[in-house]
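**Student:** I need the structure of the sequence given here:
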Amino acid sequence: MKKVKDNQNINDFRKTVAILLILFILSVFIGSFLYIDRTLRPTITVLAETKALELANRSINKSVAEMVEGKVNYEDLMNIRVDANDKITMIQANTIMMNEIASAVALEIQDELKKVKSTSAYIPIGTALGSPILAKYGPKLKVAIEPIGTVTVNFKTEFESSGINQTRHRIYLEAQTQVRVVIPLTTSTKEIKAQIPICETVIVGDVPNSYINIPKENIPNVLPDAGTDTKTNNN
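**Tutor:** The predicted model follows:
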């Protein structure tokens, strides 16, 4: 009878130890999860968003390159009007062709982003710790992006002085859309805005009789201070 009671006590002790061990493991797991969630989540989110932006921008640049690289010239988009003396009187945009290109590029970007959705990137947890030694180690978090909304593509132009009688005219394609960044236990939305140069030309005009170049920054103060007395000697 005593032997049976001892065996029962041993079994009860083992059950108690097992329960305590399970509770300890659960406590460690929950504590680690809360620590990672509170401490590493912001860093992981930033890293995931950066990776997603990289994937999206790569898709946009690839789409634009496939659609317009080597296929669109400045003369296709801009009509330059000159007078009898070959002086430029007007630069007129070819809006019909611009709209066609913008629509085609927007559709191509949309399709490319859908392809990116089927691919994923991975970020090691060690990267979020900020340690160079542990940067490539630890469990890897899967990062995926989902395009949301439509892709908007517009043309932008820029005029820049390129000499006394020269002006550089650049034409850009500006693509804008939104993507949802998906990582375990959280999502975020980021706006993608990329500007890709398409073509440019140098417009040459008449040489002016005089030319003054005033820098935008670091202009020296050539005026005397308010507190300095100025004396004039008349001899």
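
**Student:** Measure how buried residue 67 is and give me the count.
**Tutor:** Counted with other Cβ atoms under 10 Å, residues neighbouring residue 67 total 19. In short, each C-beta sits where N, CA and C put it, glycine included.

**Student:** So it lies in a helix, does it not?
**Tutor:** Yes. Assessed by DSSP: H, G, I helix; E, B strand; the rest coil, residue 67 belongs to a helix.

**Student:** so where do the helices sit in the protein?
**Tutor:** Here the chain has its helices, by DSSP state H, at 2-35, 41-68, 74-77, 95-117, 125-128.

**Student:** Mind checking those for the one nearest to residue 143?
**Tutor:** Closest to residue 143 of the helices of the chain is helix 41-68 (Cβ to Cβ; 4.6 Å).

**Student:** Any idea how far the closest one is from the middle of the chain?
**Tutor:** Centroid separation between helix 41-68 and its chain, computed with Cα atoms, centre = their mean, to the nearest Å, is 6 Å.

**Student:** Look up how far residue 181 lies from the residue nearest the centre of the chain.
**Tutor:** Residue closest to the mean C-alpha point of the chain, counted by Cα atoms, centre = their mean, is residue 53 at 4.9 Å. With distances taken as Cβ to Cβ, to the nearest Å, residue 53 is found 9 Å from residue 181.

**Student:** Which neighbours do those two have in common?
**Tutor:** Common contact partners of residue 53 and residue 181 (Cβ atoms under 8 Å, 6 or more residues apart in numbering): residue 190.

**Student:** Surely the residue nearest to the centre of the chain and residue 190 touch.
**Tutor:** Yes. Proximity of residue 53 to residue 190 meets the contact threshold set by Cβ atoms under 8 Å, at 6.2 Å.

**Student:** Just the pLDDT for the closest residue to residue 147 other than its chain neighbours.
**Tutor:** In space, and not counting its chain neighbours, residue 147 is closest to residue 113: 4.1 Å by Cβ to Cβ, 6 or more residues apart in numbering. Note for residue 113: predicted pLDDT of 82.

**Student:** I figured residue 113 hits residue 178, correct?
**Tutor:** No. At 10.3 Å, residue 113 does not count as touching residue 178 under the criterion of Cβ under 8 Å.

**Student:** Looking at those two, which is more packed in?
**Tutor:** Each of residue 113 and residue 178 has its neighbours counted (other Cβ under 10 Å); residue 113 has more, 22 against 16.

**Student:** Grab the longest strand from this structure for me.
**Tutor:** Ranked by residue count under DSSP state E, the longest strand found in the chain is strand 140-161.

**Student:** Quick one: list the elements packing against that strand.
**Tutor:** Secondary structure elements in contact with strand 140-161, counted by 3 or more Cβ pairs under 8 Å, 6 or more residues apart in numbering; DSSP states H and E, are helix 41-68, helix 95-117, strand 121-124, strand 166-183, strand 186-204.

**Student:** mind putting these in CSV, distance to residue 12 included?
**Tutor:** Putting these into CSV (distance: least, Cβ to Cβ, whole Å) gives the following:
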stretch, distance to residue 12
helix 41-68, 42
helix 95-117, 56
strand 121-124, 45
strand 166-183, 45
strand 186-204, 44
